[in-house]
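A.B. asks: structure, please.
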Amino acid sequence: MKKHYSKLKAFSFLILLLASSSLIAQTYNDADDLADAVNDATNGGTFIVANGSYNDFEVSFEKVATEENPIIVKAETVGGVTLTGESAFRLKKSAFITIEGFVIDANGDNTLVKLEGCNNIRISRNVFELATTESIKWVYIGGVWDDKTYPFTYPSHHNRIDHNIFQNKNTPGHYITVDGSTDESTDVAYQSQYDRIDHNYFKNNSPRAVNEQESIRVGWSEMSASSGFTTVEFNLFEECDGDPEIVSIKSSDNIIRHNTFLKSYGTLSLRHGNRNRVEGNYFFGGDKAIGTSPDGATLYTGGIRIYGKDHVIINNYMQGLNGTKWDAPITLTLGDAEEGNSNLTKHFRADNVLIAYNTLVDNSHGIEIGFDNNGSYSKDLKDVTIANNLITGSENSLVAIIDGNDQGNNITWESNLFNPTGTATTIADATTTSFTASMVKEENPYIVSESYNDYTIWKTTDSSPTYLSGVNSENIDFDIEGQSRPILSNPGADHFSTESKRYMPLKPTNVGPNAYETDENLESLYLSTISNFDAIEGTQTITVTANVDWSTSTDSSWITISPVSGSNNGSFDVTVSANTEYTERTGKVTITGGDLTRFLNITQSAADPKSNLTLINDASENDHVVVNYVFAEEIDADKDKNNIAEHSLDKDFDTQWSGEGVPGEIIYDLGGTFDLQLVDFAATNGKTYEFQIWVSKTGTDAADFINAYATNDNLVSNSDGTFKGFMFPTVATDTKYVKIVGYGQPARPSNWNTITEIEFYKTKTLAVNNTDLADEITLYPNPTNSQLNIKISKRNISQVQIFSVNGKKVFETKIDTQKSEINMDVSKLAKGAYFVLISDNNNSKTSKTVIIK
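C.D. replies: Below is the predicted model of the structure:
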C-alpha cells in the first residue's frame, strides 16, 4: 500500500509539473495576445513566439517581474522569428524581462526597442536592421517622461544588451543610446546606471553624418556630471563610419574595455564626463584608405580622443590607423573650457589623465597634442601623465605638436619606449618639450608579429626591454591579454608571459547571437585616479567601480580614509594632514575586494621653505643686491639682443641674462652680510639648465668661494620658466657674495647659460626683547650630540624653544616649577645649527645658537 501511494504521488507531481510548464512556456503568434499574457503574468514565465515572419509586430510591456521569477520573451529558435514593418518592443516601468532571439528587419520611424524607467531588462541574441529616412535611435534606455522628481519613482538601471547584431545603418541616430531622467525642479540630469553592453557586433554604419550617428552613445552633455557606471565590453565594431565618434562617452564613471574596432572612421571619444576608464581595447585600421564624407570632410581611422578629468587609458593596442588631428591614435586637443567655468556642452580640457601601457604600431601618426580647432580652443592641458607606452612607426612623427601648442610641463612623460623607423621622427614641432632618457628611451622593442583570429598583432618577446612603472597613482597588475604585469615589465599593452591569454581581438564568431557565452563577469575592482596633494591639508574623493565588497587601509599616519569599507560601486575620501617638512612625502592606500588588491600611491608636496625665510633682494629701499661680475653677456643690436646681467635682478620675466660658454660665472654682491639659506632660480621656458652655487664670506677671488652643497653635482633648473628653489643643506652664514657657475644645457647640448630671475633668501631673525638676559645664560656642551644643559644665574627659566635655521620649531618645553637649570635630550635632532629661544618668568627672551653634531 505504501509503495502504491508513492507511485501515485509521483505521478500526480509529474502531471502538475507538466501542467505548470505548459502554463509557463506558451507559444504565441499574435502581438496583442503576447502583450496581454506578459502583462497579466503573476509568477514570471517563458513566452515563445512561433517561428515565422510577422509584420508590424508591436508589443508594449508594463510588468515588474522578479529575479526569482523572471519573464522571458523569446523566438522559438534563435533567428527563427523575423519581425518586419513597424515592429517594435516597448517596455515601460518594467523589470526582469528578457527579449531574445528575434530578427527585427523593420522599416518606418519606430525605435526598435525602448526601455522607459526599467531595470534588469536583457536584450539578447537579436539581429537589428531598420530601413528609414528618419533619425532614429534603434535601442533606447531612458526614464519615464513624466517621472520628474529625483529620486525617481522608476529609475533606469542594471539593463543588459548582449550578443546582438546591429547592421546597415545609413541615417542619423544611434544603434544604442543610454539616456536617463531629469529632475524638473533642479534641471539636473541623471543617467541610467549599471547598464552593460557586451558581445555585440556593430557593423556597416555609414555614410558619415555631421553628428548624431554614433554606434553607441552613453549619456549626453547635460548629464555628463552624472555617474553612469556603464560597462561597454567585448564588442566588435566594423565599418562603423557614421559619426566622428564611434563610441561617444558623455557621462562619468564608465568602463570601456576589451572591445575591437576594425576599419572604422572616427574614434572612441571621451567627449564629456570624468573618471572614465578605457582599458584593453584593440584598434585596427585594416588597410582602410582615407575617405571622404558626403559633405567633403576627410575621414580617418582613429583611436582615442580625450576630454575631461581623471580618466585612465591603459593597455590599449592601435595598429595601422591613418588618423590625425581629431582622429590620431591618441588625440589630446586643447579645450575650449575648464570644468566648472562653462556650460556642459563645451570641450573641457584633459585634466589629470593617465595614458599608460598602450602600444601604437605602424600608424601614420602617433600621439598628437595641441590641436586648437582654428584657434577656437585655448585651454591648455593639465596634469596629463604619459608613461610606459610603446610607440613605433615608419612615417611622420611618433609625437606631434599641433598648431604650435606645445604643452611643456603640463604633460609628464615617464618610461616610454619610442622606436622611430624609416622616415619617422620622435617628436615634431616641439618648442618646449624635449625628452630625457627617463622620459623616453629610443631603443629596439624586439617585438614580433603573431596571427590570431585573422589579425596580425605585434607582441613583445623575452628580449623586449623592461622598465619600472612610471605610474604613481595606481598599480597596473594585468596587460591587454589578462596576463600578470609585474612592476618591472615591458612597456606597451603586452607584457611577455607564458601565462594563458584571457583576452584577444574579437572576430564575428566571438560576438552576436550565435557566439558561445562565457562567464566573463569576473570579480572587478577599479579606482579613479588621484592627483598629487599640495603641502596643505587636503581631501580627494576616490570613486570605486566594483562588484565585490571592499575595504581600505593605509601605511601612513598622515593619511586618513573615510569610509574605510564599502560594497560594489561607491567612493571614499583620502585626507592628508598638512606637510610641515621641506621634503616631499609618499604613502600608500591599499584597497582589497574579493581576491583583488589595488593600490593608490599618495604623494604630498613639501612645505614651502620660503614661508619661513626673508627675501633679501625684495626691490625695497633695503635691497642692495647688484651684479659684481659676469663672464659674458649677449648683446647684439642687429638681432635685438640685450641680455645683460642686470636683467636677472629686475623682477621682469620678459627679460633675461644670457652668456655663452661653460663654465660661465656670474657673481652677485648681496650688499651686506646674511645667513643665506635658499636661492630661487628661474630660466628660459622650454629649456633646462645646469649650474652650481658657490658662496663667499670675504671677497670675490676664486679661493674665497666654497660650494654651498657638499658635492660638486650640478643643480638643474625647471624647464617651464618658473622659479625653482634650492635650499642649502646648511645655512651659509655671513655670506656676502654668491657665484653661479653655469654649465649650459648638456641635454640639448648647448653652451648658453641663462637666468631670467634670481632671488636670495636669508633666515629669519627670532624676536628677542631682552638682551641683558643673554649675559646670564650658560648653554653647554656646545656642540652636543645628546644632552643640552641651560643654566641661568639670577632668575628662573619658564620656557625653552628650539628652532631650525629656517624658522621651524622643532622642540618646546614649558617649566611649571621654578628652575634655574634644565637638561634636555636633543639626540633626536638632525645634525646642524639651531636657535635656542629662552624665556624667563617675566617673559623676557634671548636666543643662543647651538650646534648638534
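
A.B. asks: low pLDDT regions in the stretch 501-650 of the chain?
C.D. replies: 519-521 (pLDDT under 70).

A.B. asks: helices along that one, start to end?
C.D. replies: Counting by DSSP state H, counting those that start in this stretch, the stretch 501-650 of the chain has no helices to list.

A.B. asks: which stretches of it form strands?
C.D. replies: With strands called from DSSP state E, counting those that start in this stretch, the stretch 501-650 of the chain shows them at 525-527, 538-546, 549-554, 559-562, 565-567, 570-576, 585-593, 596-604, 613-615, 626-630, 634-636, 641-643.

A.B. asks: repeat that for the stretch 701-850 of the chain.
C.D. replies: Counting by DSSP E, counting those that start in this stretch, the strands of the stretch 701-850 of the chain are 705-707, 715-716, 724-742, 752-755, 757-763, 777-780, 787-792, 797-804, 809-814, 821-825, 832-840, 845-852.

A.B. asks: hey, which of the ones you listed is tucked in deepest?
C.D. replies: Mean neighbours per residue, mean count of other Cβ atoms under 10 Å, is largest over the strands of the stretch 701-850 of the chain for strand 752-755, with a mean of 24. (Glycine included, C-beta is placed from N, CA and C.)

A.B. asks: packing partners for that one?
C.D. replies: Judged by 3 or more Cβ pairs under 8 Å, 6 or more residues apart in numbering; DSSP states H and E, the packing partners of strand 752-755 are strand 657-660, strand 664-682.

A.B. asks: and Tyr709, which of the ones you listed is closest to it?
C.D. replies: Checking the helices and strands packed on strand 752-755 against Tyr709 by Cβ to Cβ gives strand 664-682 as the closest, at 10.9 Å.

A.B. asks: tell me which residues of the closest one come out buried.
C.D. replies: Buried residues in strand 664-682, defined by neighbour count with 16 or more other Cβ atoms under 10 Å: 664-670, 674-682.

A.B. asks: can you get me a residue count around Glu245?
C.D. replies: 24 (other Cβ atoms under 10 Å).

A.B. asks: quick check: the closest residue in space to it that isn't next to it in sequence vs Asp327, distance?
C.D. replies: Residue nearest to Glu245 in three dimensions, not counting chain neighbours: Ser269, with 3.9 Å by Cβ to Cβ, 6 or more residues apart in numbering. As defined by Cβ to Cβ, to the nearest Å, Ser269 lies at a distance of 10 Å from Asp327.

A.B. asks: any common contacting residues for the two?
C.D. replies: The contact sets of Ser269 and Asp327 overlap at 244, 305 (Cβ atoms under 8 Å, 6 or more residues apart in numbering).

A.B. asks: kindly reformat the strands of the stretch 501-650 of the chain as JSON lines containing distance to Met824.
C.D. replies: Converted to JSON lines, these look like this (distance: least, Cβ to Cβ, whole Å):
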{"stretch": "strand 525-527", "distance to Met824": "46"}
{"stretch": "strand 538-546", "distance to Met824": "35"}
{"stretch": "strand 549-554", "distance to Met824": "33"}
{"stretch": "strand 559-562", "distance to Met824": "32"}
{"stretch": "strand 565-567", "distance to Met824": "44"}
{"stretch": "strand 570-576", "distance to Met824": "31"}
{"stretch": "strand 585-593", "distance to Met824": "27"}
{"stretch": "strand 596-604", "distance to Met824": "31"}
{"stretch": "strand 613-615", "distance to Met824": "26"}
{"stretch": "strand 626-630", "distance to Met824": "43"}
{"stretch": "strand 634-636", "distance to Met824": "55"}
{"stretch": "strand 641-643", "distance to Met824": "53"}
